[in-house]
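In: Turn this into a structure:
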Amino acid sequence: MSIVWIDAQQPDWEIMWQELIKLEGSADCENNGEVWQYMGSKIEGQEITHTFRHRSHPLTNDYQYQKITMPYENYLLERD
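Out: Take a look at the predicted model:
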């Protein structure tokens, strides 16, 4: 397993946020001044999982995490 950080300049950034929008209807879901935050990604085998956190989700007014798993081969991650 590898932990990675996707930054806003990488093409993957837009892909993962679009997947969050498909699930949540918005990339913000603003509630009580809180919005979705990207927490990081991990690569396991042929999959990459992106984790997002909302500290005051509009449906629950509580913490909510959303994990989005996608095939790793769709990504253009630059590795050191």
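In: Just say helix, strand or coil for the closest residue to Glu30 other than its chain neighbours.
Out: On the basis of Cβ to Cβ, 6 or more residues apart in numbering, the spatially nearest residue to Glu30 that is not a chain neighbour turns out to be Pro58, at 8.0 Å. Quick note: C-beta positions are derived from backbone N, CA and C, even for glycine. Secondary structure state of Pro58, per DSSP: H, G, I helix; E, B strand; the rest coil, is coil.
In: Distance of Pro58 relative to Trp5?
Out: Relative to Trp5, Pro58 is positioned 27 Å away (Cβ to Cβ, to the nearest Å).
In: ok, now Ile48?
Out: As for Ile48, its distance to Trp5 is 12 Å (criterion: Cβ to Cβ).
In: which residues are common contacts for those two?
Out: Between them, Ile48 and Trp5 share these contacting residues under Cβ atoms under 8 Å, 6 or more residues apart in numbering: Ser41.
In: All good on my end, thank you.
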